[in-house]
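Chemist: build me a structure from this.
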Amino acid sequence: MLHRGHKSTDGAGGDELVVPMAWLYAEYIADELLRTGDLMPPTSFEFRAGRDALALTVFLSDTDGELPGIRVVSQLENWLSLTAYDQPWQDWVRERMALLGAEAADAGGPAPDLELAQAAWRWLEETELLAPDLNAVPGGAVTGEEDGPKVWTKAWQLGLPLGHLAIHLF
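Modeler: Numbering: from 1, shown residues only. As a prediction, this is how the structure comes out:
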């Protein structure tokens, strides 16, 4: 997609392709963390939910615009704290997205990284996946792993703990 009047990765202006490097790098980090954890097949919707939730965490936690230059190991504790069970991750995402959206509007144009992050967030919020009911009554009559109660769960609610676990396993 061409964006008039915005700089490409080499700093030239005009009608050049703007490459969303920060988002692509965040997705790459998330993908590698999940693949290393080997928690689910990379072709599954659960993997996508984990990757998108983790990529949003990585992308939105980069407050200084230094994402492509960071060392992953130096940020793991920060990402762990952001994805922890007792944290209001979804509220944090909404606040950071609104802030970045306002900054993009003030800059006078579209931000390709933010557009991809917004698309990932929309998918995570609007998509529901059938997942094991973790709040089911313990001790129920479950005979096998697949036989337990299942509920429709927003993709981010499934992906966030998977991303958190992947960070732990890294």
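Chemist: what is the least confident helix or strand in the chain?
Modeler: helix 72-83 (a mean of 84; mean pLDDT, DSSP states H and E).
Chemist: how about it: buried residues?
Modeler: By 16 or more other CB atoms under 10 Å, the buried positions in helix 72-83 come out as 75, 79, 80, 82, 83. Using the backbone N, CA and C atoms, a C-beta is placed for each residue, glycine as well.
Chemist: go on, stretch 25-40?
Modeler: By neighbour count with 16+ other CB under 10 Å, stretch 25-40 contains the buried residues 25, 26, 27, 29, 30, 31, 33, 34, 37, 39, 40.
Chemist: where does residue 8 land on pLDDT?
Modeler: At residue 8 the predicted local distance difference test score is 41.
Chemist: and residue 133, how far is that from residue 27?
Modeler: In this structure, residue 133 and residue 27 are separated by 30 Å, where distance is defined by CB to CB, to the nearest Å.
Chemist: same question, residue 46
Modeler: The gap separating residue 46 from residue 27 is 16 Å, by CB to CB.
Chemist: pull the CA atoms of the helix or strand that the least confident helix or strand of the chain is followed by into CSV?
Modeler: For helix 72-83, the following helix or strand on the C-terminal side (DSSP states H and E) is helix 89-107. This file holds the C-alpha atoms of helix 89-107, laid out as CSV (Å, rounded to 0.1, in the frame of the first residue of the first chain):
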residue,chain,number,x,y,z
TRP,A,89,-4.2,-6.4,29.7
GLN,A,90,-7.1,-5.6,27.4
ASP,A,91,-7.6,-2.2,29.1
TRP,A,92,-3.9,-1.5,28.6
VAL,A,93,-4.1,-2.4,24.9
ARG,A,94,-7.1,-0.1,24.4
GLU,A,95,-5.3,2.8,26.1
ARG,A,96,-2.0,2.3,24.2
MET,A,97,-3.9,1.9,20.9
ALA,A,98,-5.9,5.1,21.5
LEU,A,99,-2.7,7.0,22.4
LEU,A,100,-0.9,5.7,19.3
GLY,A,101,-3.9,6.5,17.2
ALA,A,102,-3.9,10.1,18.5
GLU,A,103,-0.2,10.4,17.8
ALA,A,104,-0.7,9.2,14.2
ALA,A,105,-3.6,11.7,13.7
ASP,A,106,-1.4,14.5,15.0
ALA,A,107,1.4,13.4,12.6
